[in-house]
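K.L.:
please find the sequence and the predicted model below.
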Amino acid sequence: MSVVVGVVVTLDILIILLNILMAIHLKKARKGIARMLLSYLAVYDLCVGTIILPMRISSLIMDRRENNWPLGKLGCVLYGIATSMTVRSTMWTIVLLAIDRVAAVLAPFSYATRTKVWYGKAAGAAVIFYSSVMVVIMSTTTKQYIRKDGKTVCLQSFRFVYASNTQHFFLFHRLVEFLSANLIVMVLSLATITKLLSRRRQRIQRIIRRVEQNLTCMVVFLLLAFLVCYLPFTFYLSITMIPNKILSVGNEIEVTIGQAVMTLLTINNLLNPLVYLLFTAREAKKAESKRRSTLLRLVQTKSAAVRRSLSMNTSFPKVGPEKGENS
């Protein structure tokens with residue numbers, strides 16, 4: 001148990017530090033729709049590190065030992081709301097990033113001339129509004145904790161107890177939501193990668209793509225990390241919709257699988273800033289190397305000009321009257 005707690009604490013610290021660095025760098029970077037969506041993503045990941053993981057660490061330390069949720073009913077409700085809010089917001093922000101990058105690659109000239117920064121603000125606000133509405137509906141129609149032997153047992157966000165009249169609707173809605181998001185990201189990632197590897201480009205599009213190519217490559221890696229971490233959770237949701245008569249899985253196995261897929265979602269909160277910072281460091285190194293090579297070429301050009309000037313002065317000496325000629 002101490003090893004598990006140590007791993008989760010280390011993961012929490014890394015998520016907080018890396019997302020703070022990502023948010024600071026994005027604040028100083030050039031404004032744009034993709035960078036604005038990345039800043040929203042950093043905020044969601046930071047919420048995971050500051051709200052959700054500390055609660056999970058408390059659960060690992062105290063809940064497993066005493067079989068009792070240590071933070072009470074209010075903490076359990078806050079844990080469920082924060083988990084649902086961050087997972088849903090992260091998922092649809094990734095979808096918006098995929099749409100933004102495929103637009104930048106397929107129609108680079110129109111993207112560069114017609115898109116505005118407030119498009120990203122409006123899209124981010126729409127994601128937050130949708131997630132908030134779904135969280136409010138979930139909180140009013142689900143039971144997030146149960147009383148067992150006089151103790152409070154907090155249910156994980158994927159094991160909410162739904163009312164009988166809303167159970168099938170919410171399970172089906174959540175499955176459709178995750179399936180559609182993963183399918184959109186998969187298709188748009190494939191389209192973006194195919195277009196980036198295509199060699200049939202017009203000259204003006206090639207010039208514009210050079211500016212967006214590095215950012216697009218970084219976002220493609222974020223999309224791939226999203227698929228790796230979210231597809232198992234989507235598969236788990238599809239399995240849990242099968243009736244128990246068809247799928248006879250024990251309770252402990254189901255809980256273990258659920259915790260594993262939720263751990264993958266948490267790892268995704270670490271991969272997002274890690275991929276961004278690695279690409280940023282790589283681009284900074286390339287920019288520094290380009291600056292040094294440009295400076296070196298400038299110095300070499302000036303040195304060659306000085307040498308040519310000196311050689312011309314020595315080859316053609318100034319002709320003047322000799323001494324004593326005028327006397």
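P.N.:
Received it, and whenever you're ready, just let me know what you need.
K.L.:
nearest residue to residue 232 in space, please, no chain neighbours.
P.N.:
Here the nearest residue to residue 232 in space, its sequence neighbours aside, is residue 261; by C-beta to C-beta, 6 or more residues apart in numbering that works out to 4.8 Å. In this view, the C-beta of every residue, glycine as well, is placed from N, C-alpha and C.
K.L.:
quick one: pLDDT of that neighbour?
P.N.:
At residue 261, the model reports a pLDDT of 84.
K.L.:
now the strands for the protein?
P.N.:
Assigned by DSSP state E, the strands in the chain fall at 142-143, 145-148, 151-154, 161-162.
K.L.:
quick one: residue 260 and residue 229, what's the gap?
P.N.:
11 Å (C-beta to C-beta, to the nearest Å).
K.L.:
ok so, going back, mean pLDDT lowest for which of the strands of the chain?
P.N.:
strand 161-162 - the lowest mean pLDDT of those, at a mean of 42.
K.L.:
re earlier: ok, residue 260 and residue 229, which is more surrounded?
P.N.:
residue 229 (21 against 12; other C-beta atoms under 10 Å).
K.L.:
can you tell me the closest non-neighbouring residue to the more buried one?
P.N.:
residue 268 (3.7 Å).
K.L.:
which residues touch the one you found?
P.N.:
90, 225, 226, 229, 230 (C-beta atoms under 8 Å, 6 or more residues apart in numbering).
K.L.:
out of the residues you listed, name the ones that lie in helices.
P.N.:
Secondary structure from DSSP state H places 90, 225, 226, 229, 230 of the contacts of residue 268 in helices.
K.L.:
okay, these in TSV with pLDDT and distance to residue 29 next?
P.N.:
Converted to TSV, those look like this (pLDDT from 0 to 100; distance: C-beta to C-beta, whole Å):
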residue	pLDDT	distance to residue 29
90	93	20
225	93	20
226	93	21
229	91	25
230	91	26
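K.L.:
closest to residue 83 out of the residues you listed?
P.N.:
residue 90 (10.9 Å; C-beta to C-beta).
K.L.:
against residue 233, how distant is that closest one?
P.N.:
Taking C-beta to C-beta, one finds residue 90 at 12 Å from residue 233.
K.L.:
who's more crowded, those two?
P.N.:
Legend: neighbour count by other C-beta under 10 Å for residue 90 and residue 233, higher for residue 90 (26 against 21).
K.L.:
can I assume the more buried one is in contact with residue 45?
P.N.:
Yes: taking C-beta atoms under 8 Å as the definition, residue 90 is a contact partner of residue 45 at 7.2 Å.
K.L.:
who touches both of those two?
P.N.:
Counting by C-beta under 8 Å, 6+ apart, the residues touching both residue 90 and residue 45 are residue 269.
K.L.:
that concludes my questions; thank you for your assistance.
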